[in-house]
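Colleague: below are the sequence and a predicted model for it; my questions follow.
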Amino acid sequence: MCTARFPAARALEQAPAGACAPWSRPSAPFRKIVVEAGPRSDASILAPGAGYVWDPLLILAQMVLMQTVYYGSLGLWLALVDALVRSSPSLDQMFDAEILGFSTPPGRLSMMSFILNALTCALGLLYFIRRGKQCLDFTVTVHFFHLLGCWFYSSRFPSALTWWLVQAVCIALMAVIGEYLCMRTELKEIPLNSAPKSNV
């Protein structure tokens, strides 16, 4: 009686074993949605820098650019500080290791300019390097070439303890602040929908 009243039930009884009812098969659009909602493995969800490729020309250009930023901003800070105290700017403030110190006004002004320059160069790392893992490498490289510049300018290896202390502080400030800024930028670039979706 039930099968007479309900033809669908009769069709279900006559269906072969293991066959699915017509209404139990998902339509094509639904299957497409399920497939697309599965785990994604394309490069768009990778963290920034995951596809980093070694490019010597790019690294060389970044080194030249950061060295230009270093000396350009240091010259601006020295000129600004000298203008405030009405002192004549000199290359000795930039390349003479013996001038740095607390005992003379030029030494104090140079120390202040180097510290401020470290903050400016940290912004340079953010805009031109943009990779937190490379901030320390570029920072050490910039100061290494500055060491060579001081050595060439004064014709002697820098041996003043104050100079080395100032350079160590500048390296720490530039690397730490630059890496912090770059890491914040990298985290912002990670898409929010990158987590795999599970089918319920």
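Modeller: Okay, I see it.

Colleague: pull out the buried residues from the helix or strand hosting residue 186.
Modeller: Taking DSSP states H and E as the criterion, residue 186 maps to helix 161-189. Within helix 161-189, the residues scored as buried using 16 or more other C-beta atoms under 10 Å are 162-163, 166-167, 170-171, 173-175, 177-179, 181-182, 186. C-betas here are computed from N, CA, C, even on glycine.

Colleague: next: stretch 134-144.
Modeller: Going by neighbour count (16+ other C-beta under 10 Å), the buried part of stretch 134-144 is 134-136, 138-139, 141-143.

Colleague: same list (the residues you listed) but as a markdown table, adding pLDDT.
Modeller: Compiled in a markdown table, these are given as follows (pLDDT from 0 to 100):
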| residue | pLDDT |
| --- | --- |
| 134 | 92 |
| 135 | 94 |
| 136 | 95 |
| 138 | 96 |
| 139 | 97 |
| 141 | 97 |
| 142 | 97 |
| 143 | 98 |
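
Colleague: all helices for the protein, in order.
Modeller: For the chain, the helices defined by DSSP state H cover 2-5, 7-14, 28-36, 56-84, 92-95, 105-128, 135-154, 161-189.

Colleague: and the ones you listed, which one averages the lowest pLDDT?
Modeller: Note on the helices of the chain: helix 28-36 shows the lowest mean pLDDT, a mean of 43.

Colleague: surely residue 65 is in contact with residue 128?
Modeller: Yes: shown here, residue 65 and residue 128 form a contact pair, counting by C-beta atoms under 8 Å, at 5.4 Å.
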